[in-house]
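Participant: Sequence and predicted model, in that order:
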Amino acid sequence: MLSQESVVCTFFKLPPEEQSLCRIREIPDMFLYKLDYLNLVAVALQEVNALSQVKGEVDGLRKAAGSLCQTLSGAISITRDFATSSIQFADSLQTPQSPMDESFQYMSSISSRADLNAKELDKAHKEMNRFSSNIRSVFFSIKSSLEPRGRWSLDIVPTAEVSEVVDELIAGVEECDRLLLGCAEYYRQTKKHYGDVETLKSNPPSKEEVEMVRQRWAIFSDSLENLPSGFTRLRRRLEKIPTVRRLEDGVPDTWPDDASSVSGLESGGSEGSEDASTTHRQGFPRFWGSSSGKSSLRRFWLRIKSKLHLGA
């Protein structure tokens, strides 16, 4: 196999950063449990105030997250399609019997495709911004609804706790957005790079460069193969709005199954108790989709029930 380190790339545009695209796939995984948390807060608010609109807003946010997953999946797919076109372009230059006009057509097509991809990623950027704005709007509604009234008090769901969950959710969205903007800029540069087909005549790539670039694009394409399917599974889970009963009955037996197992929380706890304080700090909101995050959801719901004397 050709040593890629020994070849200088003077003509081709190399693939974008694989790590950035993998990160675009990883970040939305934490949406699910952050939104599960907000769903439980909304359910608790609805138990206290049947007229609360927060549950509907959180459900809408969850559906928007599912739609966003579809958009991000599309961003991965168009990049993989672009990799296929780049491989075909390299193949046209490797084939002796291939007329130069065919290579010109591939080069022009890649420039046009890069322009379209940049525009698609700009649309994804705008959808990200709307999603971030909607998160802030839902947080404002929750914060307003958490004002002490009657038997409801802030020690059940501290506003600061909700705020941290929301902040981490927004931070993930903003990181994903920055990566999308980086990809869009890559395509704009690529459009310009391949915009003048005459450069293929004046500065054609060497055989070694063509082979090296083809290898790079093939490896890059293979690395993206399974990413869209991961988005599909996540979108289905996001769009399935969890009910209280499903959250209550669908947990493993190994998770806490009574409010008394959450030390110090069923009666408000003692701020001076190290165990209670630690449980409270670790329970929420420091989870990113792990099994401990699911267990935290379980403990949170038990704490809500014990405070409001709700049935199972």
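Facilitator: Thanks, I have the structure now. Numbers count the residues shown, from 1 in each chain.
Participant: C-alpha only now, for contacts and for neighbours.
Facilitator: Will do.
Participant: mind checking how far L234 is from K143?
Facilitator: 28 Å (Cα to Cα, to the nearest Å).
Participant: Next, count neighbours for the nearest residue to L14 once chain neighbours are set aside.
Facilitator: Spatial nearest neighbour of L14, excluding adjacent residues (Cα to Cα, 6 or more residues apart in numbering): V213 at 6.7 Å. A count of neighbours around V213, defined by other Cα atoms under 10 Å, yields 22.
Participant: Give me the packing partners of the host helix or strand of C69, helices and strands only.
Facilitator: Per DSSP states H and E: C69 is located in helix 54-94. Packed against helix 54-94, as judged by 3 or more Cα pairs under 8 Å, 6 or more residues apart in numbering; DSSP states H and E, are the following elements: helix 18-26, helix 29-48, helix 100-145, helix 207-223, helix 227-239.
Participant: so where is the stretch 1-150 of the chain shaky, pLDDT-wise?
Facilitator: Scanning the stretch 1-150 of the chain for pLDDT under 70 picks out the ranges 1-9, 48-51, 96-99, 148-150.
Participant: Likewise for the stretch 201-312 of the chain?
Facilitator: Across the stretch 201-312 of the chain, the ranges flagged by pLDDT under 70 are 242-312.
Participant: Give me the neighbour count for T95.
Facilitator: T95, neighbours per other Cα under 10 Å, totals 9.
Participant: Please disregard the earlier target; I meant A75.
Facilitator: A75, neighbours per other Cα under 10 Å, totals 22.
Participant: which residue sits closest to it, ignoring its sequence neighbours?
Facilitator: Of all residues not flanking A75 in the chain, L121 sits nearest, at 6.6 Å (Cα to Cα, 6+ apart).
Participant: Can you verify my assumption that the one you found contacts E185?
Facilitator: No: contact criterion Cα atoms under 8 Å: L121 and E185 do not qualify, at 9.3 Å.
Participant: So between the two, which is more surrounded?
Facilitator: Of the pair L121 and E185, L121 is the one with more neighbours under other Cα under 10 Å, namely 24 against 16.
Participant: residues contacting the more buried one?
Facilitator: By Cα atoms under 8 Å, 6 or more residues apart in numbering, L121 lies in contact with 75, 180-181, 183-184.
Participant: do the same with D59
Facilitator: 39, 241.
Participant: Number the chain from 666, please
Facilitator: I'll keep to 666 as the first residue from here, and by that count the last item is D724.
Participant: What spatial separation is found between it and R900?
Facilitator: Distance, D724 to R900, using Cα to Cα: 14 Å.
Participant: cool, T855 as well?
Facilitator: T855 sits 31 Å away from R900 when distances are taken as Cα to Cα.
Participant: How about E683?
Facilitator: Remark: distance between E683 and R900 (Cα to Cα) = 22 Å.
Participant: Compare those two (neighbour count), which wins?
Facilitator: The neighbour comparison of E683 against R900 (other Cα under 10 Å) goes to R900, with 24 against 13.
Participant: Apart from its neighbours in sequence, what residue is nearest the more buried one?
Facilitator: Leaving aside its chain neighbours, R900 sits nearest to G731 (4.5 Å; criterion: Cα to Cα, 6+ apart).
Participant: How about the contacts made by that neighbour?
Facilitator: By Cα under 8 Å, 6+ apart, the contact list for G731 reads 899-901, 903-904.
Participant: Helix, strand, or coil at S717?
Facilitator: Following DSSP: H, G, I helix; E, B strand; the rest coil, S717 is assigned to coil.
Participant: mind listing what it touches?
Facilitator: 710-711, 810.
Participant: Can you tell me which of those residues has the most neighbours?
Facilitator: Neighbour-wise, the contacts of S717 (other Cα under 10 Å) top out at L710, 22 neighbours.
Participant: For S750, grab the count of nearby residues.
Facilitator: S750, neighbours per other Cα under 10 Å, totals 18.
Participant: Chain neighbours aside, what residue packs nearest to it?
Facilitator: In space, S750 is closest to I775, 6.7 Å off (Cα to Cα, 6+ apart).
Participant: That's all I had, so thanks and see you.
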